[in-house]
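**Q** Have a look at this prediction, sequence included:
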Amino acid sequence: MPTRRARSLPPVRAVRAVLLLALAPAAAGTPVTTGTNGTAPQAAPDERPNIVFVFSDDHAPHAIGAYARDEAQPYGRWLAGVDATPNLDRLAAQGVRFRRSFCTNSICGPSRAVVLTGKHSHANGFMNNGNRFDGDQPTFPKLLRAAGYRTAMIGKWHLGSDPQGFDHWEVLPGQGQYYNPVLVSAEGRREVEGHCTDVVTDLSIEWLEQQKDSDRPFLLMCQHKAPHRTWMPALRHLELWADEALPEPPTLLDDHADDAPGARRQEMTIRDHLDLFYDLFVTPQAGDAVGTGSSLDASGWRNLERMTAEQRAAWDAHWGPRNAAFRAAEPEGDDLVRWKQQRYLKNYLRCVRGVDESVGRILDWLEANGLAENTVVVYSSDQGFYLGDHGWYDKRWMYEESLAMPLIVRWPGRAAAGAVDDHLVQNLDYAPTFLELAGVPVPEDVQGRSLVPLLEGRAPDDWRDAIYYHYYEYPSVHMVPRHVGIRTERWKLIHYYPFDEWELFDLERDPDELRNLFGDPDHAEVAAHLAVRLGRLQEAYGDDTVTGTVPEWIEAYR
Ligand code: CA
């Protein structure tokens, strides 16, 4: 028996009327109408859509088939032949996929804070992973809850403070663990056996089950740890691509000769920084330099130690013979880089497959329970990631692979199935989008814009023509310098302000960002105009956290 929200979607005009009603001051509960024949007021059905937001960690768009196979995808096409995401591809075929979707600060905690608040890092106060999120500030889950939504947050939170704004929350402490994870809720801590992605999905579906007969719409935030370092897949996925070679990125052996010096000082190369033991599960033997890397996050070793005897036996049975083969082959130099990239990419994509299965299970559940029609499903991840591109792993940079976020939205009857949107959008826009979907007014100090008009195919003429970016965490793991930048449809200008170093890329002619045009006389005017616009964006967003003075060459163009 289908539930209340299971009926087919009413005509658009009727939905708008309900949305307008929901915008009225009395919208905090179920909308109420007066009976047409003078009878007593009765509750009108609450037609506001449910929202399911599946958010993963470090999932690069080009590790989704729908992105990698897109001929207009500007980078990452080298992964087009790999089929890691059948369910996300299904979601993309049924919804809108944003091709120019970006973060404002490419790192986990800060991206999450931007998603919750609709404000840049300097405005929400969470600039580095070491910060603690001020949970007392307004967030979209709080506003949805106040407007009558049932709200839940399950999985990776990573903001230091306890979640606020949820009827139910159960989160991984810190980075969380891949196997048999500990979960924390208002009631305390517990450990649940299984792979983290499966556990978070089980708990999410458990909560969805409880909403079936509710007369209120719901917001579910299902947030995965995967595919975050140290890429530990579920046991059933270890055999994926086990005995085949995956493609390698054309920039795997990039020497960074053309980058600003800041980019050459980083510590995130597969060659020198991705650790054989910690990241790639080679069993150490006598004489190995284990645990000496400056960037090792001890949670990786703890994840291995958490396995049950049975899990560990299956894990070791997979890696044992492969590690023996590695020891026998003793690859060196570029061959070792290639070997490391293969093992890294396979484990990364196996973790992605786990997330993809989670999405599939949730889509199936919505379908089976008659809720698919009136539920908006959003898939995204906190930033992009390097999968060997430019010889790197990790994120942080304003270069495309780490700046990009996957963003796929399915909204049956309202957003065109299989559409691709090319507007410049950011995680800044998620909060106002969720608010508009729920008919809740967007607070004036929110800096993002609702994507609802784009989803409905009626893009405003004044949509933004440039995005603003600011990365702070330096000096820190991976040693990516602080930088600010502007990206337009065609150009990208980056300023590593602690060193006053600049980069300019023509994304149309150089999508892999291999030719820094800054300092080239033919591009001096473009650079200057972008620098002025960068300054204007900084002013408009109220970002006064950039240090240093404005170089004279920019002043001349103001
Ligand atoms: Ca992340």
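**A** Ah, there it is. Residues are numbered from 1 along each chain as shown.

**Q** Next, name the residue at the spatial heart of the chain.
**A** Central residue of the chain (CA atoms, centre = their mean): residue 381, 1.6 Å from the mean position.

**Q** mind checking pLDDT for the closest residue to residue 259 other than its chain neighbours?
**A** Nearest residue to residue 259, sequence neighbours excluded (CB to CB, 6 or more residues apart in numbering): residue 516, at 6.3 Å. Where you see a C-beta, it was placed from the backbone N, CA and C, and this is true even at glycine. On the pLDDT scale, residue 516 is placed at 94.

**Q** got it, and residue 200?
**A** pLDDT recorded at residue 200 is 98.

**Q** same question, the one 3 residues further on
**A** Residue 203 carries a pLDDT score of 98 in this model.

**Q** Same check on residue 75?
**A** 90.

**Q** Surely it touches residue 61?
**A** No: using CB atoms under 8 Å, residue 75 is not in contact with residue 61, being 9.4 Å away.

**Q** So which of those two has more stuff around it?
**A** Between residue 75 and residue 61, residue 61 has the larger neighbour count (other CB atoms under 10 Å), namely 28 against 23.

**Q** OK, contacts around that one?
**A** Residue 61 makes contacts with 67, 73, 76, 101, 384, 404-406, as judged by CB atoms under 8 Å, 6 or more residues apart in numbering.

**Q** One more pass at 7 Å, please.
**A** Contact analysis of residue 61 by CB atoms under 7 Å, 6 or more residues apart in numbering lists 67, 384, 404-406.

**Q** same check, this time on residue 170
**A** 154, 183, 185, 203.

**Q** Check the closest residue to it other than its chain neighbours and give its pLDDT.
**A** What sits nearest to residue 170 in space, not counting adjacent residues and going by CB to CB, 6+ apart, is residue 185, at 4.2 Å. We have a pLDDT of 98 for residue 185.

**Q** what's the answer for residue 257, then?
**A** You'll see residue 257 listed with a pLDDT of 81.

**Q** How many residues are close by it?
**A** With other CB under 10 Å as criterion, residue 257 counts 8.

**Q** Quick one: neighbours of residue 464, just the number.
**A** 17.

**Q** what's the nearest residue to it if we skip its chain neighbours?
**A** Leaving out its chain neighbours, the residue that sits closest to residue 464 by CB to CB, 6+ apart is residue 424, at 5.6 Å.

**Q** Am I right that the one you found is in contact with residue 98?
**A** No: using CB atoms under 7 Å, residue 424 makes no contact with residue 98, being 9.5 Å away.

**Q** ok, the two, which is more surrounded?
**A** For residue 424 versus residue 98, neighbours defined as other CB under 10 Å are more numerous around residue 98 (27 against 17).

**Q** Let me see the mean pLDDT of stretch 173-181.
**A** 95.

**Q** Residues contacting that stretch, please?
**A** 156, 158, 172, 182, 184, 191-196, 199, 225, 228, 232, 299, 302-303, 306-308, 311.

**Q** Tell me which residues touch residue 462, please.
**A** Contacts of residue 462 (CB under 7 Å, 6+ apart): none.

**Q** And it, what's its pLDDT?
**A** pLDDT, read off for residue 462, is 97.

**Q** Next one: it from the ion, what distance?
**A** Distance, residue 462 to the ion, using CB to the ion, to the nearest Å: 31 Å.

**Q** start the count at 237, not 1, going forward
**A** Will do, 237 is the new start, and the previous item becomes residue 698.

**Q** For that residue, give me phi and psi.
**A** Here is the backbone geometry of residue 698 (degrees, to the nearest 10): phi -100, psi 30.

**Q** do residue 622 as well
**A** Dihedral angles (degrees, to the nearest 10) for residue 622: phi -90, psi 130.

**Q** Number of residues surrounding it?
**A** Neighbours of residue 622 (other CB under 10 Å): 23.

**Q** And the contacts of stretch 733-752?
**A** Outside stretch 733-752, the residues touching it (CB under 7 Å, 6+ apart) are 310-311, 487, 494-498, 635-636, 717-720, 726-731, 753-754, 759, 762-763, 782-784, 787.

**Q** what does stretch 579-589 give?
**A** Contact with stretch 579-589 is made by 295, 299, 318, 320-321, 462-463, 467, 469, 473-474, 476-477, 482, 506, 510, 515-516, 623-624, 629, as judged by CB under 7 Å, 6+ apart.

**Q** Relative to the whole chain's centre, how far out is that stretch?
**A** 17 Å (CA atoms, centre = their mean, to the nearest Å).

**Q** okay, it in CSV with CA atoms only?
**A** Presented in CSV, the C-alpha positions along stretch 579-589 are these (Å, rounded to 0.1, in the frame of the first residue of the first chain):
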residue,chain,number,x,y,z
ARG,A,579,47.0,-0.3,-6.7
TYR,A,580,45.9,3.1,-5.5
LEU,A,581,43.3,3.5,-8.3
LYS,A,582,41.9,0.1,-7.9
ASN,A,583,41.3,0.5,-4.2
TYR,A,584,39.9,4.0,-4.7
LEU,A,585,37.4,2.7,-7.4
ARG,A,586,36.5,-0.3,-5.2
CYS,A,587,35.5,2.2,-2.4
VAL,A,588,33.6,4.2,-5.1
ARG,A,589,31.7,1.0,-6.1
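
**Q** and that stretch with the ion, contact?
**A** No: using CB under 5 Å from the ion, stretch 579-589 stays clear of the ion, with a minimum separation of 12.5 Å.

**Q** follow-up on the earlier one: narrow the contacts of residue 406 to those in helices?
**A** Using DSSP state H, the subset of these located in helices is residue 439.

**Q** Tabulate the contacts of residue 406 in JSON lines, adding columns for neighbour count and distance to the ion.
**A** Listed next are the contacts of residue 406 as JSON lines, based on neighbours: other CB atoms under 10 Å; distance: CB to the ion, whole Å:
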{"residue": "390", "neighbour count": "28", "distance to the ion": "17"}
{"residue": "419", "neighbour count": "22", "distance to the ion": "19"}
{"residue": "421", "neighbour count": "17", "distance to the ion": "23"}
{"residue": "439", "neighbour count": "19", "distance to the ion": "21"}
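
**Q** The residue nearest to residue 406 contacts residue 405, correct?
**A** Yes: using CB under 7 Å, residue 421 is in contact with residue 405, at 6.1 Å.

**Q** among the contacts of residue 297, which are in helices?
**A** Counted as lying in helices by DSSP H, out of the contacts of residue 297, are residue 303.

**Q** Would you mind listing what in the stretch 237-386 of the chain touches the ion?
**A** Checking the stretch 237-386 of the chain against the ion by CB under 5 Å from the ion, the hits are 293-294, 344.

**Q** tell me, how many neighbours does the nearest residue to residue 654 once chain neighbours are set aside end up with?
**A** With sequence-adjacent residues excluded and distances taken as CB to CB, 6+ apart, residue 654 is closest to residue 329, at 5.1 Å. Residues lying near residue 329 (other CB under 10 Å) number 13.

**Q** Surely residue 329 forms part of a strand?
**A** No: judged by DSSP: H, G, I helix; E, B strand; the rest coil, residue 329 forms no part of a strand; its state is helix.

**Q** Quick check: it vs residue 653, distance?
**A** 7 Å (CB to CB, to the nearest Å).

**Q** can you check residue 401 too?
**A** Taken as CB to CB, the span from residue 401 to residue 653 is 31 Å.

**Q** who's more crowded, the two?
**A** Neighbour comparison, residue 401 and residue 653: the larger count goes to residue 401, with 21 against 13 (by other CB under 10 Å).

**Q** got the contact list for the more buried one?
**A** Taking CB under 7 Å, 6+ apart as the test, what residue 401 contacts is 375, 377-378, 381, 387.

**Q** Show me the residues you listed that map onto helices.
**A** 377-378, 381.
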